[in-house]
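>>> Structure for this input, please:
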Amino acid sequence: MSPTDPVDASLVLSARGLTKSFGSNTVLRGIDLDVRRGKVVALIGPSGSGKTTVLRSLNGLEVPDGGTVTFGVAADGGGSGGAGRPLALDFGSPVGKREIAALRDRSAMVFQHYNLFPHMTVLKNVTEGPVQVQKRPKAEAEAEALRLLARVGLAEKRDAYPFQLSGGQQQRVGIVRALALKPQLLLFDEPTSALDPELVGEVLAVIKELAEEGWTMVIVTHELGFARHVADEVVFMDGGVVVERGPAAEVLGAPRQERTKQFVKRIQHEV
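Model (predicted):
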């Protein structure tokens, strides 16, 4: 798709034929993915299936060897850097830094291990991207950051440093940092896997609220119960390919493929 082609207004992102290898290890073998506005897509599968590589490819943290990633037009016209215009990247040809930057401008990643800057306060962590990358006024960015911190119950932690926070609090700051960028798409990479079990609920509750508010999200998760209640579509991957996809209730409640059945049964028995 080129910027002059007709754009499906409901389609935030479309990926076609994504491939990726690390040396002799082929991780992605032609992945297709559509993400529609206001919908949540959950990527599930065993370790090494390629889920995180797909997620990182959508944000330009990994550059695929082949395939295309297309972003449509944001419903509100987009944020900074021309994010309101369609963007199509063909990884079968060389892709430059400017194109990768444009790809990153449209989404924000919440990482498994928080990735907060340890030498910065909570407020500084949240405002760094809007001020330094998006060139928004500092006062505006700080006001928005404080509003977002308040909504996740962390307004009083504005001057704290990451080491002074629990894992759950750090991850909530990570979510706020992503929201502050006003992205078209939120990407979550196993957002609860690094947390103590008693802290998982507070992070999942925030993500559930975002889903209810209509944020567009792709979530890599092993929390199948959460995926069943929050995701509109579940995509099961194994060996670098999509084995099965469909509504969450179908893929997790009545999977068609034998490999999906095995995986869901094993994970449910481990819980």
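>>> Just give me the residue closest to the centre of the protein.
For the chain, the residue nearest the mean C-alpha position is residue 187 (0.6 Å; C-alpha atoms, centre = their mean).
>>> for the stretch 51-200 of the chain, what are the low-confidence residue spans?
The model of the stretch 51-200 of the chain has pLDDT under 70 over residues 73-84.
>>> Run a quick neighbour tally on residue 56.
Residues lying near residue 56 (other C-beta atoms under 10 Å) number 18. Glycine gets a C-beta too; all of them are placed from N, C-alpha and C.
>>> Over to residue 135?
Residue 135, neighbours per other C-beta under 10 Å, totals 10.
>>> name the element it belongs to?
Under DSSP states H and E, no helix or strand contains residue 135.
>>> Backbone dihedrals for it, please?
Main-chain dihedrals, residue 135, degrees, to the nearest 10: phi 60, psi 40.
>>> Show the contacting residues for residue 188.
109-110, 207, 217-221 (C-beta atoms under 8 Å, 6 or more residues apart in numbering).
>>> Could you export those residues as a markdown table, including secondary structure and distance to residue 173?
Below are the contacts of residue 188 laid out as a markdown table (DSSP: H, G, I helix; E, B strand; the rest coil; distance: C-beta to C-beta, whole Å):
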| residue | secondary structure | distance to residue 173 |
| --- | --- | --- |
| 109 | strand | 14 |
| 110 | strand | 10 |
| 207 | helix | 14 |
| 217 | strand | 18 |
| 218 | strand | 21 |
| 219 | strand | 18 |
| 220 | strand | 20 |
| 221 | coil | 19 |
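>>> of those, closest to residue 101?
Minimum distance to residue 101 across those is 14.4 Å, recorded for residue 109 (C-beta to C-beta).
>>> The closest one against residue 61, yeah?
Yes - between residue 109 and residue 61 a contact is recorded at 7.0 Å, counting by C-beta atoms under 8 Å.
>>> Between the two, which is the more surrounded one?
Using other C-beta under 10 Å as the criterion, residue 109 and residue 61 rank with residue 109 on top: 24 against 17.
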